[in-house]
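Undergrad: sequence unknown, structure follows:
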């Protein structure tokens, strides 16, 4: 693993969604880790930070909003990891809740692979 | 030796004295958590838990209330949980879903209604409930949904559940769904993946 | 407990064993015996299914974490005279609670300055009887040095060793069903709980219930150790995950939830 590769943690309970994002991100030169909910994401993050989080809202055991709130209360560098939130919910209050919890950007599903890469690169720096 | 034998008749956690309703609705978070668990020990606790669920803001206490309602697993406790599938609060929505997944028999009578709900977000969450139903029933209901569903994200949820519990009989409905939403990037990908898993390959020998 | 197709042989064997032991000619007659709980058959049935492979100092990185980090942390929260309480649940035939005891005596610098209560509990009454006997074979002792065996065991024959009496008597062994709050609650609050490689056998609902019960059995700031391949992420959001040099463990928060 080259030191300059950006590491992304995809947090979504749908295995097909994680696969879909993984393919796009790896093709674009990112390293990808996966978690099926906010709890698993926190377990991965205690081992070390990542450069970007892609977080879904609706997940079992710990949803995306609760995960972000928990993460933003932690010490640096975890608290400041950029977070791209994805959701099927398109309403304004869901976007507001995510932003209040600490999302840096919000995309409504379905997210095209091109759009995913565009915003991932914007939020954590373009990978080599 | 520093090891000391524990006293075998040591009293356990103090049984909370006083009015359980008061403890559940206006105690400290620790008191409310403990009260929720006590109240859930009998089926008669369902209405009080339902009342508290609408008011409780602490995530751990909510978790205990949901666990309690799910372990009671009656028609009444299911009815108490269902409205929260519609909540604006993601924690309540997913907590309600988790609780219903703990009580598949009590949830079953409501599945058809939820899968046909006018709110697409409710239909989407309802697909997850089929993971705990017998595979043949789940496949049948998901096929019916795929034939008529207008929202691609709901279809995507159904496809993800079919990936886990679906049977080969779902393949025609999956193909038809892909035809109905040709421009949805994720759905095309997901359907292709699931069909490959459900349909045995024509030839096992690959270069 | 959950069994998928892969465990069919395991299940079949145990049912056949019980049918044979009870003289049941048909499954129907055995099932009737089970349903009626004739001659304690429910307990026998449970015992037949809950056999674990275990040995002393199994997954010792968590024991290392205990004496390197967890106990020192817990000591900070104890008031004068309060014992440190550690729970091994399930304890099976006793290897785990006795391992914890020996490890602490051998590796924790502060051991003599504190009262330490170790409790071992299991649903299986047969293994508890064995644990009370405290007799172990070569296999169970394979990770212990001869020095440790000499110090903490008495050889009763060339193949079997017994834990020294003082150690046997200092550990309380009880029966418990982790899914039953009334049973877990009776054990009081602990500083550290070892609940290793058992939750994987429970269905989702039972797992969640057991985790919630164990949360109640922890002091604020108390720790719970699962098997090193297990995770709370599919079980319960109640605990915080903590990473130490030797192990990842879970903790009950010090103060109440953040809502």
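TA: Received, thanks. All of these numbers come straight from a predicted model, not from anything done at the bench.
Undergrad: switch to C-alpha atoms for all contacts and neighbour counts from now on
TA: OK.
Undergrad: For chain A, what lies in contact range of chain B?
TA: A:14-17, A:20, A:57-66, A:88-89, A:93-94, A:109-113 (Cα under 8 Å from any Cα of the partner chain).
Undergrad: give me that answer again for 6 Å
TA: Neighbours of chain B within chain A, by Cα under 6 Å from any Cα of the partner chain: A:60, A:63, A:112.
Undergrad: what residues are up against the last one?
TA: Just to be clear, that refers to residue A:112. Counting by Cα atoms under 6 Å, 6 or more residues apart in numbering or on different chains, residue A:112 touches residue B:185.
Undergrad: what pLDDT does it get?
TA: pLDDT for residue A:112: 94.
Undergrad: what's the answer for residue B:1, then?
TA: In this prediction residue B:1 is given a pLDDT of 75.
Undergrad: got TSV for the residues of chain A next to chain B, with secondary structure and distance to residue A:29 too?
TA: Below are these laid out as TSV (DSSP: H, G, I helix; E, B strand; the rest coil; distance: Cα to Cα, whole Å):
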residue	secondary structure	distance to residue A:29
A:60	coil	30
A:63	coil	28
A:112	coil	17
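Undergrad: Reformat the residues you listed as CSV; add distance to residue C:28.
TA: Shown next, in CSV, are those (distance: Cα to Cα, whole Å):
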residue, distance to residue C:28
A:60, 40
A:63, 46
A:112, 57
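Undergrad: which one among those residues gets closest to chain C?
TA: Checking these against chain C by Cα to the nearest Cα gives residue A:60 as the nearest, at 8.2 Å.
Undergrad: element containing the residue nearest to that closest one when sequence neighbours are not counted?
TA: Leaving aside its sequence neighbours, residue A:60 sits nearest to residue B:94 (Cα to Cα, 6 or more residues apart in numbering or on different chains; 5.8 Å). Using DSSP states H and E, residue B:94 falls within helix B:90-102.
Undergrad: Need the contact partners of that helix.
TA: Residues outside helix B:90-102 that contact it (Cα under 6 Å, 6+ apart): A:60, A:63, B:66, B:70, B:81, B:84-85, B:87, B:129, C:205.
Undergrad: where does the chain have low pLDDT?
TA: Answering for chain A, as no chain was given. A:1-3, A:89-91, A:127-128 (pLDDT under 70).
Undergrad: meant chain C actually
TA: In chain C, residues with pLDDT under 70: C:1-2, C:4-7, C:9-10, C:47-48, C:50-53, C:256-259.
Undergrad: where do the helices sit along it?
TA: Under the criterion DSSP state H, helices of chain C are mapped to C:8-22, C:27-35, C:41-49, C:60-65, C:71-77, C:95-107, C:125-133, C:146-152, C:165-169, C:181-185, C:204-216.
Undergrad: Show me what the second one is packed against.
TA: Contacts defined by 3 or more Cα pairs under 6 Å, 6 or more residues apart in numbering or on different chains; DSSP states H and E place helix C:27-35 against no helix or strand at all.
Undergrad: Mind doing that once more with 8 Å?
TA: Secondary-structure packing of helix C:27-35 (3 or more Cα pairs under 8 Å, 6 or more residues apart in numbering or on different chains; DSSP states H and E): helix C:8-22, helix C:41-49.
Undergrad: Out of the ones you listed, flag the one nearest residue A:76.
TA: Taking Cα to Cα, helix C:41-49 is the member of the helices and strands packed on helix C:27-35 nearest to residue A:76, at 47.2 Å.
Undergrad: So which bits of chain A are right by chain C?
TA: Residues of chain A found near chain C (Cα under 8 Å from any Cα) are A:37-40, A:42-43, A:46-47, A:61-62.
Undergrad: returning to that earlier point: highest average neighbour count across the helices and strands packed on helix C:27-35?
TA: Mean neighbour count (mean count of other Cα atoms under 10 Å in any protein chain shown) peaks for helix C:41-49 among the helices and strands packed on helix C:27-35, with a mean of 16.
Undergrad: distance of residue B:176 from residue B:191?
TA: Per Cα to Cα, to the nearest Å, residue B:176 is found 10 Å from residue B:191.
Undergrad: out of those two, which sits in the more crowded spot?
TA: residue B:191 (23 against 12; other Cα atoms under 10 Å in any protein chain shown).
Undergrad: Off-centre distance for the helix or strand containing that one?
TA: Taking DSSP H and E as the criterion, residue B:191 maps to helix B:185-198. Per Cα atoms, centre = their mean, to the nearest Å, the displacement of helix B:185-198 from the mean C-alpha position of its chain is 24 Å.
Undergrad: That one vs chain A: in contact?
TA: Yes - judged by Cα under 8 Å from any Cα, helix B:185-198 comes into contact with chain A through B:185-186, B:189-190, B:193.
Undergrad: What count of nearby residues applies to whatever residue of chain B ends up closest to chain C?
TA: Taking Cα to the nearest Cα, chain C has its nearest neighbour within chain B at residue B:58, 3.5 Å off. Neighbours of residue B:58 under the rule other Cα under 10 Å: 15.
Undergrad: and it, what pLDDT?
TA: pLDDT, read off for residue B:58, is 94.
Undergrad: measure stretch C:170-186 end to end?
TA: End-to-end distance of stretch C:170-186 (Cα to Cα): 19 Å.
Undergrad: Understood, closing this out.
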